[in-house]
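Student: Take this sequence and fold it.
(4 chains)
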There are 2 protein chains.
Amino acid sequence: MTVPSGRRERKKAATRQKIADAALRLFLERGYDAVGIRDVAAEADVAVTTLFSHFASKEALVFEQDEDFEQRLTQAVTGRAPHEPLIPALRREIQALVRHCTADGADPIWHMIDGSPALREYEESMRLRHAESLATAIAADLDLSRATTACRAIARFVIDAFSLARVAADPEAAVDEIFRMIEAAWEVTFPPAGPAGRGGCRR
Amino acid sequence: MTVPSGRRERKKAATRQKIADAALRLFLERGYDAVGIRDVAAEADVAVTTLFSHFASKEALVFEQDEDFEQRLTQAVTGRAPHEPLIPALRREIQALVRHCTADGADPIWHMIDGSPALREYEESMRLRHAESLATAIAADLDLSRATTACRAIARFVIDAFSLARVAADPEAAVDEIFRMIEAAWEVTFPPAGPAGRGGCRR
DNA sequence: ACCGTAGCACTAACGGTTAGCGTTTAAAAA
DNA sequence: TTTTTAAACGCTAACCGTTAGTGCTACGGT
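Tutor: Numbers count the residues shown, from 1 in each chain, chains lettered A, B, ... in the order given. Have a look, this model is predicted:
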C-alpha cells in the first residue's frame, strides 16, 4: 500500500484546511464558547465525525499549526550553524516565534485564547509536549541517549520564556531577560570548556 | 450576613469530605475513567448538582488539596526565617513536597494521575495558577507592587522543578540539580549585595 | 478492470456539566 | 421568639463534546 501519493493527500489536506478555516471564522465571529462543534461541521460542510478524524478535539481546531511550532523548536537545535552555541540559537528562535504571535493580525486569535479557560488549558498541555520534544533534541545534541533531568529543565525554561513573553508588556525585552537567566542556569550544569579546553564540544 | 459560624460550615466541610473520600475510593477501586460522576454522587449519597457545588469539575475531585499546596508555597516565601535567602527556602519546601508526593501510600494516586490525560492536563493548569501565586509572593518579598517578568520566570522554574522531580528516577537529587540552575538564574537578575553591600536586602 | 483501503457520512449514544426551580435549614435581624 | 434571608441541597431535563458502530464511495496499486 506504499504511500498514497497525490490526489488523495491533497484532498485530505484540503478538507482539513476547509474545516480549520470555517472554525476560525466562526470562532472569531461569535466567540469560541458560542460556537458548537456541530456549527463548525455544518459551516465546513462535513460530518461531525469527519471533523474529529482531522482534529482530536475542539481546542485543536484553534492550535492548528501546533506541529509547526514544535518543529521550529527542534530545528533551532538540530539545524543550527556548526559551532553555534545552543542557548543563543534557541533565544533567536523564541524571539522570532514571539514576534510572530504578537504581530498585528494574530492578535484577535490570541485574545480569544486568553479569554477561554479551555483554550488556555489546552495550550499549556501542548507546550508541555513541546518541552519534551525540545528536551529530547537537546539531549541528542549533547550526545546523550535519553533526556536527563537537566535537559528537561532547560527545555521547560525555554517554553516558559515563550509563554511569559507572549503576554508581557514588552515581549522582546522579556525574552532577553529570561534568556539571561536560562544562560546562567545552563552554564552551571553544562559549564563551557575553559580557554584551554580539550574537548571539541560546541556549547 | 457576616460569617456563618459553626454548624453550617462544619456540615458543609463534612459533605465536601464525604464526596472527596467516596470519589477517591471509587477511582482507586475501578479506575478514574471507569467511574462516572453519577457513581460518585450516589456513593457519597448526594445529588450530582451538590457534588458540583463543592467541586468545579471531575478532575478537581482528585486534586482536593490543591490550595494546601499553593499555600505551602507562598508560606515558604512569606513565612521564612528573617534573613534567610529566598531560593534555599523554596528549595527546602519543594524538597518536602516532592517527598510527600513520592512517599509510600501516595503512590497509587499519582499512578492514576499519570495514567489519565485529563488529569495530567488539569494538573498542569493547576500548577500554572500556583506559579502565578508564587510570583506574586516573590514580588511582594522584593517590595515590588506587581509581579515582574523575572518574578514570574523564577516562579515557573520552581514549579517546573517540582513537576520534573516528581517523575524523576531520584526525585531528591533532581530537586537539588534543578535548584542549582534556579540559583544561578536568580543571581544574574537579582545579584546579591557584595561584601561591602550597602543595602539590607535579604536575598 | 479489480480489489483494498482510507476518507467520509449518518445515527445514536455516553458522560461531564449546567440551568431552572423548588425545598429545607441554619444564621441574622426584628 | 419570631421573622426573614440566604445558603445548601435536591430533582429533572437538557446541552455539548466526543465516540462507537456501520456502511458507502472513490482513489491508488495491481
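Student: Could you use CA atoms for every contact and neighbour count after this?
Tutor: Noted.
Student: all helices of chain A, in order?
Tutor: Listed in chain order, the helices of chain A (DSSP state H) span A:7-30, A:37-44, A:48-54, A:66-78, A:86-102, A:107-115, A:117-141, A:149-167, A:171-189.
Student: Is there proximity between the second one and DNA strand D?
Tutor: Yes. Residues of helix A:37-44 are located near DNA strand D by Cα under 7 Å from any atom of the strand, namely A:I37, A:R38.
Student: buried set for that helix?
Tutor: Neighbour-count burial for helix A:37-44, with 16 or more other Cα atoms under 10 Å in any protein chain shown as criterion, is recorded at A:V40, A:A41, A:E43, A:A44.
Student: Could I get the average pLDDT for it?
Tutor: The average pLDDT within helix A:37-44 is 91.
Student: buried stuff in stretch A:46-54?
Tutor: For stretch A:46-54, burial by neighbour count (16+ other Cα under 10 Å) applies to A:L51, A:H54.
Student: Now do the lowest-mean-pLDDT helix or strand in chain A: everything it contacts.
Tutor: The least trusted helix or strand in chain A, going by mean pLDDT, DSSP states H and E, turns out to be helix A:7-30, with a mean of 87. Among residues not part of helix A:7-30, those counted as contacts by Cα atoms under 8 Å, 6 or more residues apart in numbering or on different chains are A:32-35, A:40-41, A:43-44, A:46, A:51, A:54, A:61-62, A:64, A:108-109, A:112.
Student: Equivalent analysis for stretch A:64-75, please.
Tutor: Where contact means Cα under 8 Å, 6+ apart, the residues beyond stretch A:64-75 that reach it are A:A20, A:L90, A:E93, A:I94, A:M126, A:H130, A:S133, A:L134, A:A137.
Student: swap the cut-off to 10 Å and go again
Tutor: Contacts made with stretch A:64-75 from outside it, assessed by Cα atoms under 10 Å, 6 or more residues apart in numbering or on different chains, are listed as A:16-17, A:20-21, A:24, A:55, A:60, A:63, A:77-80, A:89-90, A:93-94, A:97, A:123, A:126-127, A:129-138, A:155, A:158-159.
Student: Now a PyMOL select for only the buried ones of those.
Tutor: Restricted to buried positions by 16+ other Cα under 10 Å, the PyMOL selection for those reads:
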select buried, chain A and resi 16+20+21+24+55+60+63+77+89+90+93+94+97+123+126+127+130+131+132+133+134+135+136+137+138+155+158+159
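Student: gap between A:D160 and B:I159?
Tutor: Counting by Cα to Cα, to the nearest Å, the gap between A:D160 and B:I159 amounts to 11 Å.
Student: which residues do these two both contact?
Tutor: Between them, A:D160 and B:I159 share the contacting residues B:A153, judged by Cα under 10 Å, 6+ apart.
Student: show me what contacts the closest residue to DNA strand C within chain A?
Tutor: When Cα to the nearest atom of the strand is the measure, chain A has its nearest residue to DNA strand C at A:V46, with 3.4 Å between them. Under the criterion of Cα under 10 Å, 6+ apart, the contact list for A:V46 reads A:T15, A:K18, A:I19, A:R38, A:V40.
Student: Apply 8 Å and report the result again.
Tutor: The neighbourhood of A:V46, defined by Cα under 8 Å, 6+ apart, consists of A:I19.
Student: ditto for A:S116
Tutor: For A:S116, the contacting residues are A:Y32, A:D33, by Cα under 8 Å, 6+ apart.
Student: tell me the domain boundaries of chain A?
Tutor: When chain A is parsed with automatic domain parsing, its domains come out as A:7-56, A:66-202.
Student: Can you get me the centre-to-centre distance for the last one and its chain?
Tutor: Using Cα atoms, centre = their mean, to the nearest Å, the distance from the centre of domain A:66-202 to the centre of the chain it belongs to is 9 Å.
Student: and the residue nearest in space to the middle of chain A, how far is that from A:A174?
Tutor: The C-alpha lying nearest the average C-alpha coordinate of chain A belongs to A:F69 (Cα atoms, centre = their mean; 3.3 Å). Using Cα to Cα, we find A:F69 at a distance of 19 Å from A:A174.
Student: low-scoring stretches of chain A, by residue?
Tutor: Within chain A, the stretches with pLDDT under 70 are A:1-7, A:194-203.
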